[in-house]
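Asker: Next comes the sequence, and after it the predicted model I'd like to discuss.
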Amino acid sequence: MDTINILLGIIGLIITVGIALIPYFRKVYFLGPELTIEVLPDGGSSGNRGYSSKNDKSKGYLNVEEAIHIFEVTWKIKIKITNNSTIIAYYPEIEFINQQLGFSNISELDRNKPIKENEQLVINATYKIFEECTGRDRTQIKGLPDHLKDLKIVLSYYNPSKKPFFTIYSHSKQSNRNKYTRTKPKELKQIGR
């Protein structure tokens, strides 16, 4: 009988310790920050950079209405990162999966600056193209450029226990553009990160 009581006591102690450790493991391994990404237009410009060499100059003059110009079209873009949780996100890193889109200018995300709960960071970017067309056919700056419709961004960050979390932003989706995961996304594996 004493052996059974000792075994029951040991089993009871193990169960008690196990139940007490569940919140700890949940906090360390499963709870993490939830960062969202928004890509928003912030204006831009379309500047004439001169006449194109494609114009017919055989007549000795150019018809201004029909002349082909070189336009520099610039979109200003804000990439807004928001921590929608009460958990601080440490060591944030942003990775643009389709690098062929290439922003001409982008401010950096400071990896050593944590993103506090309910905090918002804004990364300013510029996207620029050159086009040769007539004045009436030039690209109008409304919203985001069509070239960014396939934009994919992966944001990686850590919880206070140094466990990794990821947000995958896909601009091509109309809803649920942000996907949260604990496992390293295949997009990062494909580019060797």
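Answerer: Received, thanks. Treat the numbers as computed from the prediction; the structure is a model and nothing was measured. Numbers count the residues shown, from 1 in each chain.
Asker: hmm, who's touching stretch 77-85?
Answerer: Contact with stretch 77-85 is made by 32-42, 89, 92, 94, 103, 109, 115-127, 144, 148, 153, 155, as judged by CB atoms under 8 Å, 6 or more residues apart in numbering. In short, each C-beta sits where N, CA and C put it, glycine included.
Asker: What's the mean pLDDT across the helix ranked longest in the chain?
Answerer: Using DSSP state H to define each element, the chain has its longest helix at helix 2-25. Regarding helix 2-25, the rounded mean pLDDT is 78.
Asker: One more: stretch 169-182?
Answerer: In this model, stretch 169-182 has an average pLDDT of 84.
Asker: Alpha carbons of it, as PDB, please.
Answerer: The C-alpha trace of stretch 169-182 is given here as PDB (Å, rounded to 0.1, in the frame of the first residue of the first chain):
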ATOM      1  CA  TYR A 169       2.300  40.200 -47.300                       C
ATOM      2  CA  SER A 170       0.900  39.500 -50.800                       C
ATOM      3  CA  HIS A 171      -0.400  42.600 -52.600                       C
ATOM      4  CA  SER A 172      -2.100  40.500 -55.300                       C
ATOM      5  CA  LYS A 173      -4.700  39.300 -52.800                       C
ATOM      6  CA  GLN A 174      -7.700  41.600 -52.400                       C
ATOM      7  CA  SER A 175      -8.400  40.500 -48.800                       C
ATOM      8  CA  ASN A 176      -6.300  38.800 -46.100                       C
ATOM      9  CA  ARG A 177      -3.100  40.200 -47.500                       C
ATOM     10  CA  ASN A 178      -1.200  39.400 -44.300                       C
ATOM     11  CA  LYS A 179      -0.500  35.800 -43.300                       C
ATOM     12  CA  TYR A 180       1.100  35.000 -40.000                       C
ATOM     13  CA  THR A 181       3.200  31.900 -39.400                       C
ATOM     14  CA  ARG A 182       5.700  30.400 -37.000                       C
END
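Asker: Check the offset of it from the chain's centre.
Answerer: 10 Å (CA atoms, centre = their mean, to the nearest Å).
Asker: Which residues belonging to it are considered buried?
Answerer: Neighbour-count burial for stretch 169-182, counted by 16 or more other CB atoms under 10 Å, picks out Tyr169, Ser170, His171, Arg177, Asn178.
Asker: Beta-bridge partners for the residue nearest to the last one when sequence neighbours are not counted, please?
Answerer: The spatially closest residue to Asn178, leaving aside those adjacent along the chain, is Thr36, at 4.8 Å (CB to CB, 6 or more residues apart in numbering). Beta-bridge partners for Thr36, by DSSP bridges, are Thr82.
Asker: Quick check: Thr36 touching Asn176?
Answerer: No - shown here, Thr36 and Asn176 do not form a contact pair, counting by CB atoms under 8 Å, at 10.8 Å.
Asker: tell me the contacts of the residue nearest to Asn178?
Answerer: Counting by CB under 8 Å, 6+ apart, Thr36 has contacts Ile81, Thr82, Asn84, Thr167, Asn178.
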